[in-house]
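Chemist: okay, structure incoming, though there's no sequence with it:
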């Protein structure tokens, strides 16, 4: 039996018409899913469309939903498929990273209590590290970048990454391992 607050239980409740269950699923997964999609797609407006398409697909597929894998795997499989459709139809589309901006077009920040992180030197170092991570992620081959983002942003296990991307467990494991190794190598000067 599944936990009544699990994603799978919420999806089954949504399937029976419980709109609050959908709201909870959306609240739980919107941030990670949005970051996963926007960090793969160069055109922000298109990334936002893909994000909405994934949720619309979920709504349309709700009555056919069966608990056969974790909900998260099912959701990220839909996102992977939408991204692949986009890349296939836009042969020149290139997956890159960019900063997430708020509604005013400003780089999103956490306006918390002032701390050491507010110091100019710490901010400059953090900005340099962030830029290095973005460059390194952008330079990864697309399959490795996708595996890494599914792991980090989606919280998927290697087995779930394999399921979501339609590759073997060993291929997913290798992609993730190579991505992590390349990122560590590139960030060695910051450690």
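Modeler: Ah, there it is. Remember, it's a predicted structure, so these values are computed and weren't measured experimentally.
Chemist: when you work out contacts or count neighbours from here on, use the C-alpha atoms and nothing else.
Modeler: Noted.
Chemist: I'd assumed residue 172 was in contact with residue 158.
Modeler: Yes: at 6.1 Å, residue 158 counts as touching residue 172 under the criterion of CA atoms under 8 Å.
Chemist: those two: which has the busier surroundings?
Modeler: residue 172 (25 against 22; other CA atoms under 10 Å).
Chemist: so the more buried one touches residue 145, yeah?
Modeler: No: using CA under 8 Å, residue 172 makes no contact with residue 145, being 11.1 Å away.
Chemist: show me what contacts residue 170?
Modeler: If you count contacts by CA atoms under 8 Å, 6 or more residues apart in numbering, residue 170 has none.
Chemist: residue 143 versus that one, what's the distance?
Modeler: 13 Å (CA to CA, to the nearest Å).
Chemist: ok, for residue 154, nearest residue in space, not its chain neighbours?
Modeler: Nearest residue to residue 154, sequence neighbours excluded (CA to CA, 6 or more residues apart in numbering): residue 32, at 5.5 Å.
Chemist: neighbours of residue 171, how many?
Modeler: By other CA under 10 Å, 17 other residues sit near residue 171.
Chemist: and for the one 10 residues further on?
Modeler: When counting by other CA under 10 Å, one arrives at 12 neighbours for residue 181.
Chemist: phi, psi for it please.
Modeler: Main-chain torsions, residue 181, degrees, to the nearest 10: phi -60, psi -40.
Chemist: and the residue most central in space within the chain, what does it touch?
Modeler: The centre of the chain sits closest to residue 36, judged by CA atoms, centre = their mean, with a distance of 2.2 Å. Residue 36 is in contact with 149-150, 153-154, counting by CA under 8 Å, 6+ apart.
Chemist: any chance of those in TSV, with pLDDT and secondary structure too?
Modeler: Compiled in TSV, the contacts of residue 36 are given as follows (pLDDT from 0 to 100; DSSP: H, G, I helix; E, B strand; the rest coil):
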residue	pLDDT	secondary structure
149	84	helix
150	85	helix
153	79	coil
154	80	coil
